[in-house]
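Colleague: Need coordinates for the following:
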Amino acid sequence: MPQFPKVVLLIESSRGSGRALLDGVARYAHYHGPWSFYWEPGGLETVWPVLKNLDADGIIMRDVDQLKEVLALGIPAIVVGHNRKEVAGMVNVVTDSPRIGRMAAEHLLQCGFRNFAYCGHATPAAQDIPWSELRKEHFAARLRQVGFVIHDYSIRGTPTQNWPEERKRLARWLASLPRPVGLMACNDDCGVQVMEACKVAGLSVPDQVGVVGADNDEIVCGLANPPMSSVAINFERAGYESAQALDHLMRGFKKVPSRITVAATHIVARRSTDMVAVEDLPVAKALRFIRDHARRPISVEEVSRAAGLSRRALERRVRGETGASILDQIRRARTDQIARMLVETDLPVCQIAESLGFEDAQHFARYFRAAKQVTPLAYRKSFGNQTLRSAP
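Modeller: Here you go, the predicted model:
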């Protein structure tokens, strides 16, 4: 292998996921390079006429139509899955769609919804989009565990393919749903389409339709009206691991993983799900109090006072509405807050424990492990944004 490997990157940068992947690749090259990059944001169609002449040592690319032709060149390659199933014999980068679906279901359950829906993409005849179906399958499975069913809809085509007519059909479906309804969109772009259709149908977000997307593209979610909640997915880490795997392939290493999983880490809650969809007013007050005060220790007695009921009466009504105890709700909100800080910040564990009002780091670790079945440090190692420093 030459001193400065030439790596071709066929990853779009129009969305946050692609930019994060590229950032992860750049970070790996910074620590373990240097590498020489040929980056074509326009995709394979633009670079294909000159690809054979680039004398590339490796390539990281989306699973585009000319995938077989590229692989036939014999260049070590990492395939980032989007439109197709995993490519046999290759290193595949795939999102953890089962976990994404379950996390979205948990979030909407915590918001108190009792009606649920899923909006995904129809599969074109020439392609296979497993991630949308996988997210729906596991979203629905989690809700079935607690006695709920979902309504689902598949968007046909793209916004450039007769979107006005498709938006009307989507609006009619949304208007037919029981309300209030908690809806998962297969990704953030789909979530924005759902919210546009809600306006056509005269439906209020989040009061009538609570929407959560996936990818947590901050620009897409921020431009939505209202700003959209989303499942955060660690594309940056996946980019780093993709570059590491490619480095191993270019060096001729034998042990290279066949799959790199893009981990879902936490929910970033924004206004599109900022409600407690519970008709029982004291229970709604209790759940909102818990959510609003999750950064500090709170007791069941405090929650009862905020709800205006005795502890026994509130306990019975919370269990009836949510299937969980008041203490369970507190622990869930607190551990979700911990998980978010572990992933989004580089604060030491002891400092996170102090900021959230724990007596000491040991109590903090036991509390978190009881809920997540993993220590805070192990959780951060698995899902955090910290760049891996180990040498290849």
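
Colleague: A strand includes Tyr153, no?
Modeller: Yes - Tyr153: assigned to a strand according to DSSP: H, G, I helix; E, B strand; the rest coil.

Colleague: for the nearest residue to His293 once chain neighbours are set aside, phi and psi?
Modeller: Ranked by Cβ to Cβ, 6 or more residues apart in numbering and with sequence neighbours excluded, the top spatial neighbour of His293 is Glu302, at 7.9 Å. For every residue, glycine as well, the C-beta is placed using N, CA and C. Main-chain torsions, Glu302, degrees, to the nearest 10: phi -60, psi -40.

Colleague: measure Glu302 to Asp55 for me?
Modeller: 67 Å (Cβ to Cβ, to the nearest Å).

Colleague: For those two, work out which one has more neighbours and name it.
Modeller: Glu302 (15 against 9; other Cβ atoms under 10 Å).

Colleague: Per-residue pLDDT of the more buried one, please?
Modeller: You'll see Glu302 listed with a pLDDT of 94.

Colleague: and what of the one 4 residues further on?
Modeller: Ala306 is assigned a pLDDT of 93 by the prediction.

Colleague: same question, the one 4 residues further on
Modeller: Looking at Ser310, its pLDDT reads 94.

Colleague: Now for it: which residues touch it?
Modeller: Ser304 (Cβ atoms under 8 Å, 6 or more residues apart in numbering).

Colleague: ok, it to Ala88 distance?
Modeller: With the distance defined as Cβ to Cβ, Ser310 ends up 61 Å from Ala88.

Colleague: most remote residue from this protein's center?
Modeller: Residue farthest from the centre of the chain, counting by Cα atoms, centre = their mean, is Ser310 at 38.3 Å.

Colleague: Can you tell me how far that residue is from Arg102?
Modeller: Going from Ser310 to Arg102 by Cβ to Cβ gives 34 Å.

Colleague: number of nearby residues for the spatially closest residue to Arg317 that is not a sequence neighbour?
Modeller: Leaving out its chain neighbours, the residue that sits closest to Arg317 by Cβ to Cβ, 6+ apart is Val283, at 5.2 Å. Counted with other Cβ under 10 Å, the neighbours of Val283 add up to 23.

Colleague: Going forward, the N-terminal residue is numbered 528.
Modeller: Got it, first residue is 528 now, which makes that one Val810.

Colleague: who's in contact with Val810?
Modeller: By Cβ under 8 Å, 6+ apart, Val810 lies in contact with 639, 834, 841, 844-845, 848-849.

Colleague: likewise Leu661?
Modeller: Counted by Cβ under 8 Å, 6+ apart, Leu661 has contacts 624-625, 628.

Colleague: any idea which of those residues has the most stuff around it?
Modeller: Gly628 (29 neighbours).

Colleague: May I ask which helix or strand encompasses it?
Modeller: Counting by DSSP states H and E, the element that carries Gly628 is helix 624-637.

Colleague: What are the buried residues along stretch 769-788?
Modeller: Buried residues in stretch 769-788, defined by neighbour count with 16 or more other Cβ atoms under 10 Å: 769-777, 783, 787-788.

Colleague: typed the wrong thing, it's stretch 831-839
Modeller: So for stretch 831-839, counting by 16+ other Cβ under 10 Å, buried means 831, 833-834, 836.

Colleague: SS state for the residue nearest the centre of the chain?
Modeller: Nearest residue to the geometric centre of the chain (Cα atoms, centre = their mean): Val758, 3.2 Å. Under the three-state scheme (three-state DSSP), Val758 adopts strand.

Colleague: for it, which residues make a bridge with it?
Modeller: Ala741, Ile794 (DSSP bridges).

Colleague: and what of Gly585?
Modeller: Val534.

Colleague: Please report how far it lies from Phe564.
Modeller: Distance from Gly585 to Phe564, counting by Cβ to Cβ: 10 Å.

Colleague: go on, Leu594?
Modeller: To Phe564, Leu594 is 20 Å away according to Cβ to Cβ.

Colleague: cool, and Ser624?
Modeller: Distance from Ser624 to Phe564, counting by Cβ to Cβ: 29 Å.

Colleague: got it, and Pro603?
Modeller: 15 Å.

Colleague: show me where the stretch 628-777 of the chain has helices.
Modeller: For the stretch 628-777 of the chain, applying DSSP state H, counting those that start in this stretch gives helices covering 657-672, 690-703, 715-728, 745-750, 762-777.

Colleague: picking that back up, which residues does the residue nearest to the centre of the chain contact?
Modeller: 627, 630-631, 634, 739-743, 791, 793-795.
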